[in-house]
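S.K.: What follows is a predicted protein model with its sequence.
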Amino acid sequence: MKPAYDEIKRLLGDIDDHTIAEIEASGITLSELEEVAAHLAGQTDVMGGLRKPLTGNALAVFRMLQRQVSQWEQDN
């Protein structure tokens with residue numbers, strides 16, 4: 001199931017509509033986006049033995065969001 005706009009905002013916080021459109025276009029599922037959000041928040045320890053590396057759409061979205069954070073930090 002693909003995440004809706006509101007679900008993306010709930011999981012990732014205050015991100016712009018362009019980024020949300022990129023996430024929607026990526027084909028990521030809601031469960032993959034939840035994994036991405038956990039990785040971004042540094043909460044992978046709560047996954048315990050279920051923790052696995054991100055792959056596919058989840059990895060692509062994770063890297064896109066990391067680049068945006070890095071660029072924002074450089075600009076500020």
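M.R.: Now that the structure is in, tell me what you want to look at. If you're wondering where the values come from, they're calculated on a predicted model, not measured in any experiment.

S.K.: Tell me how many other residues surround Arg10.
M.R.: By the criterion of other C-beta atoms under 10 Å, Arg10 has 11 neighbours. Every residue, glycine included, has its C-beta placed from N, CA and C.

S.K.: model confidence over the helix or strand where it lies, on average?
M.R.: Assigned by DSSP states H and E, Arg10 belongs to helix 5-12. Mean pLDDT, helix 5-12: 95.

S.K.: One more: stretch 21-35?
M.R.: 95.

S.K.: ok, Leu11 touching Ser31?
M.R.: No - here Leu11 does not reach Ser31: they are 11.0 Å apart, not a contact under C-beta atoms under 8 Å.

S.K.: Quick check on those two: which one has the bigger neighbour count.
M.R.: More neighbours sit around Leu11 than around the other of Leu11 and Ser31, counting by other C-beta under 10 Å; the figures are 18 against 11.

S.K.: The nearest residue to that one once chain neighbours are set aside sits in which helix or strand?
M.R.: Residue nearest to Leu11 in three dimensions, not counting chain neighbours: Ala37, with 4.2 Å by C-beta to C-beta, 6 or more residues apart in numbering. Secondary structure assigned from DSSP H and E places Ala37 in helix 30-40.

S.K.: From the contact counts, what lies against whatever helix or strand comes next after that helix?
M.R.: On the C-terminal side of helix 30-40, the closest following helix or strand by DSSP H and E is helix 56-75. The elements that helix 56-75 packs onto, with contact taken as 3 or more C-beta pairs under 8 Å, 6 or more residues apart in numbering; DSSP states H and E, are helix 17-26, helix 30-40.
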